[in-house]
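Asker: quick one, structure for this:
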Amino acid sequence: MDAVICDDARPIGGRAPRALTALMVLPVAALVVLTLWGQVVSRGQDEHFWLDVSVGVVGCALLPLLARWPVATALFLASMAVVSPAATPPATVAALYVAHRRRLPVALGVAAWGIVAHAGQGVWRPNEGLSYGWWLALLVAAYAALVGWGVLGQARQALLDSLRERAHRVEAEQARRIAEARVLERTRIAREMHDVLAHRLTLVATYAGALEYRPDASPEQLSRAAGVVRSAVHQALDDLREVIGVLRDGGADGDPAAEDARVRPQPVLADLPRLVEESRDAGTRVEVSNRLATPDDLPAGVGRTAYRVVQEGLTNARRHGPGQPVRLVLDGRPGARLTIDIRNPLPAGPAAGPAVPGSGTGLVGLAERVELAGGGLRHEATAGEFRLHAWLPWPA
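Answerer: Numbers count the residues shown, from 1 in each chain. As a prediction, this is how the structure comes out:
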């Protein structure tokens, strides 16, 4: 019985507000009045009339307490049913409330106590139109229906809570996926911005350094260097505009800059001669050894990654070894690997000309790009030489 009257167990389906239990008073009071009227019609106003009225009033007054102490209140209302049938409506409503708000063992305990209390009422104040056996059968059936109704309500509430939680979880998962996709896209854009702008700006820095440290150059050379600087700056500004267009508002659909950046053709391995020529124009001696078996069969994705590897290698060579020759070796065949090897001597002393600053993250992002393509990248500085070696899968 102690387990039955414990009210601090967590309610199933949530605790109902007090306003809800207060609203139950009106229909229950109407049932109490009908019960009293039936007693008067069948038996007249006997000596138990005012007892029934008092029990009905007290039962209706105790109903709001179900919101705070549902089990104890239900047990007390059922106990009042021993002395008066006017307590039957509040007691049955309380039993239904407990069945809907508490676990099945507690609801069964309250229902059992209600059956016992009404069985006592049938002994003290028997129903003239119904035998005691049928009275007990109706009691058991009524309380079984109340418990079943409460269990059904709990199951329905649990299903709704589960569906609601699942919907929230799906929404949260979708939001997480969108956020991750946005972060990955912005990381890719940032990597592209570094790859493109670092190459352009090192060209600008190289030519600007030549203008600063060679004031005795001929007017033709100065004009040519200034033209290259202007062209590289314009190209860098165009690239920056496109990247910012994608980043603004998350690259929303309908943004012309974002759409232009998405459809812009990406460089592939066939664009390497132009990249090498730009480095040579900047004063870097580049020796290329192309040993590729069938370069036209190289997939576009692998070609783009290879282009970025060579671009980063030439950019690092201009930045950390200005004026030093660069040796580029490309080798590979379908069904094997595409290997890229870039080497350049490191200057023995301080470099002549201005130092070109770097972000320090180019090789990190490049290694990640190569790994995502299924390859590997290694870089090292040994014996006065810097070497960048990468390999990429070349499907047959």
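Asker: for the stretch 151-300 of the chain, just list every one of the helices.
Answerer: Listed from the start of the chain, the stretch 151-300 of the chain has helices (DSSP state H, counting those that start in this stretch) covering 219-247, 256-263, 272-281, 300-320.
Asker: for the stretch 1-150 of the chain, which segments count as helices?
Answerer: If you assign secondary structure with DSSP H, counting those that start in this stretch, the helices in the stretch 1-150 of the chain sit at 2-5, 18-23, 25-43, 49-62, 70-80, 88-101, 104-124, 132-213.
Asker: save the ones you listed as a markdown table, and put in mean neighbour count too.
Answerer: In short, each C-beta sits where N, CA and C put it, glycine included. Formatted as a markdown table, the entries for those read as follows, by neighbours: other Cβ atoms under 10 Å:
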| stretch | mean neighbour count |
| --- | --- |
| helix 2-5 | 13 |
| helix 18-23 | 14 |
| helix 25-43 | 15 |
| helix 49-62 | 18 |
| helix 70-80 | 23 |
| helix 88-101 | 26 |
| helix 104-124 | 19 |
| helix 132-213 | 15 |
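Asker: got those helices as JSON lines, with mean pLDDT and distance to Arg318 columns?
Answerer: As requested, the helices of the stretch 1-150 of the chain are arranged in JSON lines below (pLDDT from 0 to 100; distance: least, Cβ to Cβ, whole Å):
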{"stretch": "helix 2-5", "mean pLDDT": "40", "distance to Arg318": "81"}
{"stretch": "helix 18-23", "mean pLDDT": "56", "distance to Arg318": "76"}
{"stretch": "helix 25-43", "mean pLDDT": "69", "distance to Arg318": "87"}
{"stretch": "helix 49-62", "mean pLDDT": "76", "distance to Arg318": "89"}
{"stretch": "helix 70-80", "mean pLDDT": "83", "distance to Arg318": "80"}
{"stretch": "helix 88-101", "mean pLDDT": "83", "distance to Arg318": "76"}
{"stretch": "helix 104-124", "mean pLDDT": "79", "distance to Arg318": "78"}
{"stretch": "helix 132-213", "mean pLDDT": "78", "distance to Arg318": "5"}
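Asker: and these: which comes nearest Asp297?
Answerer: When these are ranked by distance to Asp297, counting by Cβ to Cβ, first place goes to helix 132-213 at 24.5 Å.
Asker: just to revisit the earlier point, so of the helices of the stretch 151-300 of the chain, which one's packed in deepest?
Answerer: Each of those was scored by mean neighbour count; the highest is helix 300-320, a mean of 22, by mean count of other Cβ atoms under 10 Å.
Asker: for the very next helix or strand once past that helix, which positions count as buried?
Answerer: Next along the chain after helix 300-320, taking DSSP states H and E as the criterion, comes strand 326-332. Of all the residues in strand 326-332, those buried under the rule 16 or more other Cβ atoms under 10 Å are Val326, Arg327, Leu328, Leu330, Asp331, Gly332.
Asker: before we move on, the earlier item: any idea which of the helices of the stretch 151-300 of the chain scores lowest on pLDDT?
Answerer: For those, mean pLDDT drops lowest on helix 256-263, to a mean of 46.
Asker: can you read off the pLDDT for Arg387?
Answerer: With respect to pLDDT, Arg387 has a value of 90.
Asker: how far does the host helix or strand of it sit from its chain's centre?
Answerer: With secondary structure defined by DSSP H and E, Arg387 is part of strand 385-393. The gap between the average C-alpha position of strand 385-393 and the chain average comes to 38 Å, counting by Cα atoms, centre = their mean, to the nearest Å.
Asker: repeat for stretch 271-278
Answerer: For stretch 271-278, the separation from the chain centroid amounts to 43 Å (computed by Cα atoms, centre = their mean).
Asker: thinking again about what came up before, helix 300-320 and the strand holding Arg387, what's the angle between them?
Answerer: Orientation check (axes from the mean of the first three to the mean of the last three Cα atoms, to 10 degrees): strand 385-393 against helix 300-320 gives 170 degrees.
Asker: let me have the helices of the stretch 151-300 of the chain in JSON lines, extended by distance to Ala111.
Answerer: As requested, the helices of the stretch 151-300 of the chain are exported to JSON lines (distance: least, Cβ to Cβ, whole Å):
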{"stretch": "helix 219-247", "distance to Ala111": "65"}
{"stretch": "helix 256-263", "distance to Ala111": "66"}
{"stretch": "helix 272-281", "distance to Ala111": "84"}
{"stretch": "helix 300-320", "distance to Ala111": "70"}
